[in-house]
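Chemist: Build me a model from this:
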Amino acid sequence: MPTNEPALTLYSHPLASYCWKVLVALYETGTPFRSALIEGMPKAHPTLSGFWPIGKMPLLHDAARDKAVPETTIIIEYLQQYYPGSVRLIPEQPALQLDVRLWDRFFDLYVHTPMQKLVTDRMRPDDRKDPAGVDEARATLDTAYAMLEKRMAAQTWAVGDDFTLADCSAMPALFYAEAVHPFSETHPALARYFDRLTGRPSARRTIREAQPFFHWFPFHEALNPRFTSPDF
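Modeler: Residues are numbered from 1 along each chain as shown. Model prediction:
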């Protein structure tokens, strides 16, 4: 591999919400990497499926260590362990580490997952829609929003005073959730947190890179116009 080429390659797509989580982390820490665009079904991509037969993106490949790293949280943990950047996304204090990992899982499981349920259901034909599953997903989001409203009324970031892995997880989950099941008008503290998240340079860069693809998002008409503006 030429010495001027980054060791890290991220297999991803600019529109994919879970890819955003890792992109925010990479841009936040200033870690050099090469981007490999995955178009179409990830499982059909021979390199990606060769590294990880589950066929989900993003996936990080480290040529220096000949290592393929799947799953967003593990990728960010791996980056901190082997490619520490300009900031720590997982704090040194053990108690804070547990809180960061808890809220990372919270955003993935109770905001990101039900948000994706609403997105995928909209893409289904009418005879295959899942209204009961949609209702359950909306109820989960309502519970999550209420918990986050209480939590974010008292702090700036998800855990402690610094931007962490948990905030990397929060940004894409809340970005797309605001379009599919809005929270800003009913949860002011959560809305202010969302504004702080999307104001980060790492988040703004990630959103700008996705703009050419927003028309593919099934709820694209519900995106806030400020995010689709070329001036964002």
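Chemist: Lowest average confidence across helices and strands of the chain, where is it?
Modeler: Each helix and strand of the chain was given a mean pLDDT (mean pLDDT, DSSP states H and E); the minimum falls on helix 46-51 at a mean of 89.
Chemist: Stretch 20-40 spans what distance, first to last residue?
Modeler: Between the start and the finish of stretch 20-40 there is a gap of 17 Å, counting by C-alpha to C-alpha, to the nearest Å.
Chemist: after the least confident helix or strand of the chain comes which helix or strand?
Modeler: For helix 46-51, the following helix or strand on the C-terminal side (DSSP states H and E) is strand 59-62.
Chemist: and that following strand, which strands flank it?
Modeler: Within its sheet, strand 59-62 is paired with strand 8-12 (antiparallel), strand 67-70 (antiparallel), according to DSSP bridges.
Chemist: For the least confident helix or strand of the chain, buried residues please.
Modeler: When neighbours are counted by 16 or more other C-beta atoms under 10 Å, the buried residues of helix 46-51 are found to be 48-49, 51. No exception for glycine: its C-beta is placed from N, CA and C like everyone else's.
Chemist: List every C-alpha atom in that helix, with coordinates, as PDB.
Modeler: Extracted C-alpha coordinates of helix 46-51, given in PDB (Å, rounded to 0.1, in the frame of the first residue of the first chain):
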ATOM      1  CA  PRO A  46     -18.300  -8.400  -3.000                       C
ATOM      2  CA  THR A  47     -15.600  -6.600  -0.900                       C
ATOM      3  CA  LEU A  48     -18.000  -5.700   1.900                       C
ATOM      4  CA  SER A  49     -19.700  -9.100   2.000                       C
ATOM      5  CA  GLY A  50     -16.300 -10.800   1.800                       C
ATOM      6  CA  PHE A  51     -15.100  -9.000   4.900                       C
END
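Chemist: Summarise which helices and strands it is packed against.
Modeler: strand 8-12, strand 59-62 (3 or more C-beta pairs under 8 Å, 6 or more residues apart in numbering; DSSP states H and E).
Chemist: one more time with 7 Å, if that's ok
Modeler: Here helix 46-51 is seen to pack against strand 59-62 when contacts are counted using 3 or more C-beta pairs under 7 Å, 6 or more residues apart in numbering; DSSP states H and E.
Chemist: ok, now which ones touch the spatially closest residue to residue 41 that is not a sequence neighbour?
Modeler: Setting aside the residues directly before and after it, residue 41 is nearest to residue 55 in space (C-beta to C-beta, 6 or more residues apart in numbering), at 7.6 Å. Counting by C-beta atoms under 7 Å, 6 or more residues apart in numbering, residue 55 touches 42-43, 48-49.
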